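Novice: coordinates only, sequence not included:
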């Protein structure tokens with residue numbers, strides 16, 4: 001398993017650093033375009049939540065981003081230094097009474113883009129797993145004449 005970690009201060013402009021990290025990871029680990037789009041949106045949303053809601057824009061608090069990759073999956077761990085939150089009791093952004101709300105869709109979106117989402121440490125850490133398609137050599141059968 002290969003692993004890469006970065007730590008960023010809780011400033012919104014550091015989302016650009018995260019985007020570059022994901023771009024570099026795509027090239028380094030040959031992540032396919034269809035998965036890359038989901039990763040970019042879900043991971044930047046999770047980091048944004050960590051900066052905004054977890055660390056409350058406190059530049060003295062950091063967000064840790066860790067990428068680990070296996071042959072069949074890529075996992076991103078995002079951890080903040082905030083108080084955590086109750087991830088089991090979130091409002092449903094698709095409920096009629098919540099449709100007009102300006103926020104509240106981030107975790108809903110993350111859960112739909114990642115193959116697996118797991119919160120730990122009272123909501124201070126989230127793990128996003130994206131399944132990779134089988135490598136070309138393994139998925140192509142040979143026709144028998």
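Specialist: Received, thanks. Please read these numbers as outputs of a predicted model, since none were measured by experiment.

Novice: Ends of stretch 44-53, what's the gap?
Specialist: Across its full length, stretch 44-53 reaches 14 Å end to end, with CA to CA, to the nearest Å as the criterion.

Novice: so residue 76 is in which element?
Specialist: Remark: residue 76 resides in strand 73-79, with elements defined by DSSP states H and E.

Novice: need the strands for the chain, in chain order.
Specialist: Under the criterion DSSP state E, the chain carries strands at the ranges 2-9, 62-69, 73-79, 116-120, 125-131.

Novice: tell me the angle the shortest one makes with strand 125-131.
Specialist: To tie it back to what came earlier, the one meant is strand 116-120. Counting by axes from the mean of the first three to the mean of the last three CA atoms, to 10 degrees, strand 116-120 lies at 160 degrees to strand 125-131.

Novice: Buried residues of strand 116-120, list them for me.
Specialist: Residues 117, 119 are the ones in strand 116-120 that count as buried (16 or more other CB atoms under 10 Å). Placement of C-beta: from N, CA and C, glycine included.

Novice: Quick one: list the elements packing against it.
Specialist: Other helices and strands packing on strand 116-120, by 3 or more CB pairs under 8 Å, 6 or more residues apart in numbering; DSSP states H and E, are helix 106-113, strand 125-131.
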